[in-house]
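Student: predicted model and sequence follow; I will ask about them next.
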Amino acid sequence: MNITAKSKYAVRALVELAGRSNGSPVPLIEIAESRGIPARFLEQLFANLRRAGILGSVRGVNGGFRFSRSPDQVTVLEVVQLLDGPLGAALCTVSDGCDLRSVCGAGDVWLQAKLATEEVLAAATIQELADWESARRTTAPPAHSDNGYVEGAVGVDPDAVFRARTLIRDLKSAVVAFSGGVDSTVLLALAMEELGSARVLAATAHGDVHTSEELEAARRVASSLGARHVVVETRELDVPGFAQNPPDRCFLCRSDMYGRLWELARAEGFEALADGANRDDGADYRPGMRAAAALGVRSPLAEAGLSKADVRGIARELGLANWDRPASPCLSSRFPYGEEITAGKLAMVEAAERCLHDLGFQTARVRHHGDLARVEVPSERVASAAAVSCRDAIVESLRRVGYTYVTLDLQGFRSGSMNETLDLPSAAKEA
C-alpha cells in the first residue's frame, strides 16, 4: 500500500494550482518553485494528469495549466490510483486467489486496511485541501522540529533531487549497499520508487566491526520500505592488512565488502551496485570512497550534488522514520592508526558505547587507547557528563567493561578525531 513521491508531488502541485484558481492558467515553473518540486519531474506528472482529463494546458506567453474539472470534483484517491495504480497491490486480498485464503485470518485485515485507506483518500478533494491550507496559513506559524527543520521548507535543490532520481533510473536495476543509516535509506527509498521493488535489492554487510543493533535497525527500515533485503557476512579481521589498522584501513575493508556485494549483484542479475555517499563525503578523509570508485560502485546522491543536510531533508520529506538518526560508523574507527584491532577490543568499544547510550548519550564515541577510554559526547553535553553523578556512572560502567582509565574529551564529539594525527591537506574526518 505504498504511496510514492509521484502521488505526493502531484497532490501538492494540484493543491497549489487550486489555491490560485481563478480560471487563468498558471505556469508550471511557478507551481514547481512554490512547492519545491523538480520542474522536469512535474512536467511528467502533469502530462499524465492532462491525459486523464484532470488538467488542461494553454500554450503561449500567458499559457500554463488549469483544471479541466473543478478541483472539488477531483479526489486524492483518483490522483493516487492514476499515478501509483490500485491501492493494496502489495497486500493479500480476496482477489489474489491464494490457496490459503479459506484458512488465513490475515486476508480480511489487509482487505479492511485497503478499504479504509481508500475511504479516507476518496473523501478528500483537492479543493478541500487547498481551503484547509489557506485557513492554516492565516492561523498557525510554520512548525519547527527540534532539529531546526521547517515543515514544507526542506530547502533542498529540486533540480538536484531530479538529477538523483534520473541517475537512479538510469541504473536499470541495482543492489543498494544498505547500512540502515539515513543516506542509504534515502537511496533505497528513491530506488524503490524509480526502479520498482523487483529491480532493487538492499544488501547489508555485517561482520566483525558492526553491532547487532545496527543490523536490527537495517532490517526494520528495509521491511518498512517493503524492500527485499539480504545480509552479507563479512570478516574484516581476516582481510589482509586490516587488523594492523593502517591509515587506508577503510580502503581495504570497503574493497572486500564491495567485492562481495558485486558477487551478489552478478549472481542475482542486477546491473549496478550503488551506495549512499553524499557530496560532503568527498571533502572528508574517506579511503573507502577510493575503493568504491575503483570497483565501479555508483553514488547517485553524491553525483547529483546532494549534501548531508539535503539527504536528511529528503528523508524527512519522504517520511522516513530514521531521518534524524545520528551517524553510526563502524567500530574500527575508534582506534588510533597503528594499534592492532582485535575481536576483544571491538567488543569492549561496543559494550562501552552501549553503556553511554543507556545513560542517555545517543551521540557518543568511545575512543580506544589501550586501557584508557576517551569519551566524546556533544560539546553542549560535556558539562552534564562531567557532573558528579553522571561522571561516576560513566566511570563505573566503562571500568566494568574493562577499561582502567576513563577520560572525557573536553573538545566534545567530532567526527574523525582519530584522523587529527594524520598529515592531511585539510581537515579530515572519518567517523
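Tutor: On my side now, so go ahead.
Student: pull the CA atoms of the longest strand along the chain into PDB?
Tutor: If you go by DSSP state E, the chain has its longest strand at strand 200-206. Provided in PDB are the C-alpha atoms of strand 200-206 (Å, rounded to 0.1, in the frame of the first residue of the first chain):
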ATOM      1  CA  VAL A 200      16.100  -3.300  -6.200                       C
ATOM      2  CA  LEU A 201      17.900  -5.400  -3.600                       C
ATOM      3  CA  ALA A 202      19.100  -4.000  -0.300                       C
ATOM      4  CA  ALA A 203      22.200  -5.700   0.900                       C
ATOM      5  CA  THR A 204      23.600  -5.100   4.400                       C
ATOM      6  CA  ALA A 205      27.200  -6.100   5.200                       C
ATOM      7  CA  HIS A 206      27.500  -7.400   8.700                       C
END
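Student: run through who's touching that strand.
Tutor: With CB atoms under 8 Å, 6 or more residues apart in numbering as the test, strand 200-206 has contacts from 173-180, 188, 191-192, 214-215, 218-219, 222, 227-234, 257, 260-261, 264-265, 268, 270. For glycine as for every other residue, the C-beta is placed from the backbone atoms N, C-alpha and C.
Student: count of residues packed around the residue nearest to Thr204 when sequence neighbours are not counted?
Tutor: Distances taken as CB to CB, 6 or more residues apart in numbering put Ala218 closest to Thr204, at 4.6 Å, once the chain neighbours are dropped. A count of nearby residues for Ala218, using other CB atoms under 10 Å, gives 26.
Student: tell me the contacts of Ala218?
Tutor: Phe178, Ser179, Gly180, Ala202, Thr204, His229.
Student: wait, doesn't the last one sit right on Ser223?
Tutor: Yes. In this structure, His229 sits in contact with Ser223. The criterion is CB atoms under 8 Å, and the distance is 7.1 Å.
Student: of those two, who's got more company?
Tutor: His229 (19 against 11).
Student: quick one: secondary structure of Val232?
Tutor: At Val232 the chain is in strand, as set by DSSP: H, G, I helix; E, B strand; the rest coil.
Student: show me the beta-bridge partners of it.
Tutor: For Val232, the beta-bridge partners are Ala205 (DSSP bridges).
Student: what number of residues are in the vicinity of it?
Tutor: Neighbour tally, Val232, other CB under 10 Å: 16.
Student: residues contacting it?
Tutor: Ala203, Thr204, Ala205, His206, Met257, Arg260, Leu261, Leu264.
Student: from Arg260, how far out is it?
Tutor: As judged by CB to CB, to the nearest Å, Val232 and Arg260 stand 5 Å apart.
Student: got it, and Leu187?
Tutor: 19 Å.
Student: can you dump the C-alpha coordinates of stretch 410-421 into PDB?
Tutor: Extracted in PDB, the C-alpha atoms of stretch 410-421 (Å, rounded to 0.1, in the frame of the first residue of the first chain):
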ATOM      1  CA  LEU A 410      36.800  18.500  26.600                       C
ATOM      2  CA  GLN A 411      36.600  19.300  22.800                       C
ATOM      3  CA  GLY A 412      33.400  17.200  22.700                       C
ATOM      4  CA  PHE A 413      32.300  14.900  19.900                       C
ATOM      5  CA  ARG A 414      33.700  15.400  16.500                       C
ATOM      6  CA  SER A 415      33.700  13.100  13.500                       C
ATOM      7  CA  GLY A 416      37.000  11.500  12.700                       C
ATOM      8  CA  SER A 417      39.000  12.700  15.700                       C
ATOM      9  CA  MET A 418      41.500   9.800  15.100                       C
ATOM     10  CA  ASN A 419      42.400  11.500  11.800                       C
ATOM     11  CA  GLU A 420      43.800  14.500  13.700                       C
ATOM     12  CA  THR A 421      47.100  12.800  13.900                       C
END
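Student: please renumber the chain so that the first residue is 42 from this point on.
Tutor: Sure, I'll start counting at 42 from here, so that last one is stretch 451-462.
Student: buried ones in it?
Tutor: For stretch 451-462, a neighbour-count test (16 or more other CB atoms under 10 Å) marks Gly453, Phe454, Ser456, Gly457, Ser458, Met459, Asn460 as buried.
Student: wait, the fifth one sits on Glu417?
Tutor: Yes. In terms of CB under 8 Å, Ser458 counts as a neighbour of Glu417; the distance is 6.6 Å.
Student: how many residues are close by Ala308?
Tutor: 8.
Student: can you check Arg276 too?
Tutor: 11.
Student: which residue is the nearest non-sequential neighbour of it?
Tutor: Leaving out its chain neighbours, the residue that sits closest to Arg276 by CB to CB, 6+ apart is Gly248, at 5.6 Å.
Student: what of Thr445?
Tutor: Asp412 (4.1 Å).
Student: list the contacts of the one you found.
Tutor: Asp412 sits next to Tyr444, Thr445, Tyr446 when contact means CB under 8 Å, 6+ apart.
Student: ok, and the closest non-adjacent residue to the first one?
Tutor: With CB to CB, 6+ apart as the measure, Ala414 is the residue that lies nearest to Tyr444, at 4.2 Å, once sequence neighbours are left out.
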